[in-house]
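J.: below are the sequence and a predicted model; questions follow.
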Amino acid sequence: MQTSIFVGGGGADYSEPQELLLKYGNRHGLVAGATGTGKTVTLQVLAEGFSDAGVPVILSDIKGDVSGMAVAGSPENKLHGPFTERAQKIGFDAFRYDTFPVIFWDLFGEQGHPVRTTLAEMGPLLLSRLMGLSDAQEGVLNIAFRVSDEEGLPLLDLKDLQALLTWVGQNSADLSLRYGNVGVSSVGAIQRALLVLENQGGAHFFGEPSLALEDLMRVTPEGRGYVNILAADRLINSPRLYATFLLWLLSELFETLPEVGDVDKPKLVFFFDEAHLLFEDAPKALVDKVEQVARLIRSKGVGVYFITQNPDDVPEDILGQLGNRFQHALRAFTARDQKALSRAAETYRPNPRFDTVEAIRDVGVGEAVTSMLQNKGVPGVVERTLVRPPATQLGPCDAATRRAVIAGSPVAGKYDTAIDRQSAHEILAARAAAAAKEAEDAEAKSAAEAAAEEAEAERAREFKAARRYSGGATSAQSRRAREPEGFGDALASAVMKELTGTTGRRIVRGILGGLFKGR
């Protein structure tokens, strides 16, 4: 059974094997060095070694170079001669060209299988970091997540959170009494940050189906671990999204995987390229969380390897937990650079054969100053190591190869189609529609009742008007009309005819006036 990974040759003539013991592979590591010094090749060599040992690997491909692991190296390559010579020099008799089992992933779903998670799975802490929220805004976001839980409003994608925040803003007065101040201005700031995140591609990342962690831990029937390559050449343009995604993935592994204690080899190895992005402008709470995860996740059988230009990019508390070190050349042109170089050298166990500071400054391309854990987990003496040549292609694979690998992947078709099930956005929209329908029905009912009352009032007015005036003669008048007139009746009739004229009307008004005045 394989117990170690051959990294390269060390010693005075580079003939002493430098190996990473698999049982300490979960003790984390660091690959550092200036641009162009060979970090990518070291990363590739380590990934090949873990895969050969049956350990699945996750790594990010910033420049597209690592995608070449899906293709075997070629004797026709211009580096074949130097590679063969180097293999002989370091005693690497097993050198061969080979391809490795690869699964391509991409947050945008363009260069690999889509990668998604839900907002609920990411949680408010990482989401606040992703959007760069202030403390007050982070507090409001935490309240929104609490409301989501209490009201049964699942947060799956961005439109869910946008809809929930709108509801929170509309009910801010009531929520402030329950949870503390919910400022409408903070809600607006979060909405703007969500819009920026959406424009950066966050809408592709948040949703379902969510990434199943077991798909990152696959092993071929032949016992080789799959190399999971995340296409990050576009993602790196949104550095905060890139760093937060990888931190989320690390946190998910930590929270999901069971404790395994000491193991013969890691269950999974995670390479975090451009690691400085994880810590730039990060609040202390987040750095503390990373430190906690790095310290405890090794008991889950997971090894984390940070790749960066300068060891100073990694906080000291985390740097102290990185037992396997691969330090390529550091440039020291300024006083600050020289201090950084000295600090890097201080983290190694000295070798009496050479000065560590000079070695880190002077090692050539493809050469590294290494220190790997030995028996009982003791750091090995620092050594100048000539890194072995990779078995896979240096540089990116072509588009046709990538498409073929994606089509033949064990997860082909599983994540291609997004699912939009009922969640906060749909539930709140349904509630709003129901409330609008209820209000419309109530308004229609009120209008009908008002119309009925108006009709009843109109009938009452008509009835009263009919009581005051009638166009036909009464029965008494009819009887009098049929009776013969006497002298008094005739006189009264004559007087009434006269009073129906204009003069008569004036007289009546005068008589009435006189009567009223008299009273």
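T.: Yes, it's here. Numbering: from 1, shown residues only.
J.: residue 270 sits in which helix or strand?
T.: Assigned by DSSP states H and E, residue 270 belongs to strand 268-273.
J.: what would that strand look like as PDB? C-alpha coordinates only.
T.: Written as PDB, here are the backbone C-alpha positions of strand 268-273 (Å, rounded to 0.1, in the frame of the first residue of the first chain):
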ATOM      1  CA  LEU A 268     -10.000  14.700   0.800                       C
ATOM      2  CA  VAL A 269      -7.400  17.300   0.000                       C
ATOM      3  CA  PHE A 270      -8.400  20.900  -0.600                       C
ATOM      4  CA  PHE A 271      -6.100  23.300  -2.500                       C
ATOM      5  CA  PHE A 272      -6.900  27.000  -2.000                       C
ATOM      6  CA  ASP A 273      -5.200  29.100  -4.600                       C
END
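J.: so the residue sitting nearest the centre point of the chain versus residue 156, what's the distance?
T.: Taking CA atoms, centre = their mean, the centroid of the chain lies closest to residue 206, which sits 5.3 Å from it. Distance of residue 206 to residue 156, given as CB to CB, to the nearest Å: 7 Å. (C-beta placed from N, C-alpha, C; glycine too.)
J.: common neighbours of those two, please.
T.: Common neighbours of residue 206 and residue 156 (criterion: CB atoms under 8 Å, 6 or more residues apart in numbering): 118, 119.
J.: who does the strand holding residue 270 pair up with?
T.: According to DSSP bridges, strand 268-273 has the following sheet partners: strand 57-61 (parallel), strand 302-308 (parallel).
J.: for residue 465, which of those strands is the nearest?
T.: Closest to residue 465 of the strands paired with strand 268-273 is strand 57-61 (CB to CB; 89.5 Å).
J.: what's next to the closest one, contact-wise?
T.: 43, 47, 50-51, 66-67, 216, 225-233, 242, 246, 249, 268-274.
J.: could you pull out the strands in the stretch 101-250 of the chain for me?
T.: 102-106, 113-114, 227-231 (DSSP state E, counting those that start in this stretch).
J.: now the last one: average pLDDT?
T.: pLDDT averaged over strand 227-231 equals 97, rounded to a whole number.
J.: ok, residues contacting that strand?
T.: By CB under 8 Å, 6+ apart, the list of residues contacting strand 227-231 reads 47, 51, 56-61, 64, 66-67, 69-70, 100-107, 110-112, 115, 216.
J.: cool, and the second one?
T.: Counting contacts by CB under 8 Å, 6+ apart, the residues outside strand 113-114 that touch it are 103-108, 204, 406, 409, 411-412, 414-416, 418.
J.: over to stretch 147-155?
T.: So stretch 147-155 is contacted by 118-120, 145, 160-161, 164, 167-168, 175, 422-424, 427-428 (CB under 8 Å, 6+ apart).
J.: just the buried residues from these, in ChimeraX please.
T.: In ChimeraX syntax, the buried subset of the contacts of stretch 147-155 is picked out as below (16 or more other CB atoms under 10 Å):
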select :118,119,120,145,160,161,164,167,168,175,423,424,427,428
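J.: tell me which entries of the contacts of stretch 147-155 lie within helices.
T.: Using DSSP state H, the members of the contacts of stretch 147-155 that fall in helices are 119, 120, 145, 160, 161, 164, 167, 168, 175, 424, 427, 428.
J.: select only the buried ones of the contacts of strand 227-231 in ChimeraX?
T.: Selection of buried members from those for ChimeraX, criterion 16+ other CB under 10 Å:
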select :47,51,56,57,58,59,60,61,64,66,67,69,70,100,101,102,103,104,105,106,107,111,112,115,216
